[in-house]
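Q: got a predicted structure plus its sequence, pasted below:
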Amino acid sequence: MPTGLVIRDRSIKIWFMYQGKRCWESLPLKPTTANIRHATKLREEICTRIAIGVFDYAEFFPHSKRAEETERSPTFREMAEAWLSTVNQLSHSTLSRYRGMLNSHVLPKIGDIPIDRIQYSTLAGLLATLD
């Protein structure tokens with residue numbers, strides 16, 4: 001049996017670690033070979049997204065109680081836009097340069113990562129590419 005799956009008579013349960021907790025979710029799928037393969041791929045995608053910091057619980061399990069409990073942290077993109085909207089003391093050209101750097105170099109790499117998931121190593125690697 002694939003890691004992280006529990007096969008029931010009428011459904012498949014998957015588990016994964018998220019925010020330091022083991023999370024269990026039932027998939028309303030009959031335990032056929034194709035559905036087990038689908039559940040395995042779904043779990044792999046979830047684990048990958050968790051590892052890179054872009055997992056949104058509600059996107060995968062919108063009706064889950066845990067999705068309601070999990071407060072979504074704003075993404076770097078959202079925080080950058082909020083900050084840019086408050087720096088009206090900057091000249092138009094400075095603001096344009098900041099936007100250009102964000103749009104060209106920063107947002108494509110970390111824009112969609114929740115701010116509380118960005119690690120020092122991610123920022124250090126990003127800054128190294130800007131030299």
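A: Happy to help now that I have it.
Q: give me the three-state assignment for residue 106.
A: With DSSP: H, G, I helix; E, B strand; the rest coil as the basis, residue 106 sits in helix.
Q: nearest residue to it in space, please, no chain neighbours.
A: Leaving aside its chain neighbours, residue 106 sits nearest to residue 126 (6.7 Å; criterion: C-beta to C-beta, 6 or more residues apart in numbering). Heads up, the C-betas are built off the backbone N, CA and C, glycines and all.
Q: I'd guessed that neighbour sits against residue 110; true?
A: Yes - the pair residue 126 / residue 110 is scored as a contact, 6.4 Å apart, by C-beta atoms under 8 Å.
Q: between the two, point out the one with more neighbours.
A: With neighbours defined as other C-beta atoms under 10 Å, residue 126 and residue 110 compare such that residue 110 has more, 22 against 14.
Q: now do the contacts for the more buried one.
A: Contacts for residue 110 (C-beta atoms under 8 Å, 6 or more residues apart in numbering) come out as 76, 118, 122-123, 126.
Q: now a PyMOL select for only the buried ones of these.
A: Here is the PyMOL command that selects only those of these that count as buried (16 or more other C-beta atoms under 10 Å):
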select buried, resi 76+118+122
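Q: in strands, which of the contacts of residue 110 fall?
A: With DSSP state E as the criterion, strands contain none of those.
Q: how close does the spatially most central residue of the chain sit to residue 116?
A: Computing the C-alpha centroid of the chain and ranking residues by C-alpha atoms, centre = their mean puts residue 54 first, at 1.3 Å. Distance of residue 54 to residue 116, computed by C-beta to C-beta, to the nearest Å: 12 Å.
Q: cool, and residue 104?
A: For residue 104 relative to residue 116 (C-beta to C-beta), the value is 25 Å.
Q: sketch out the low-pLDDT regions of this protein for me.
A: Flagging of the chain using pLDDT under 70 yields the residue ranges 70-72.
Q: please, where are all the helices along it?
A: For the chain, the helices defined by DSSP state H cover 33-52, 57-60, 65-69, 76-84, 92-101, 107-110, 120-129.
Q: thanks a lot, see you next time.
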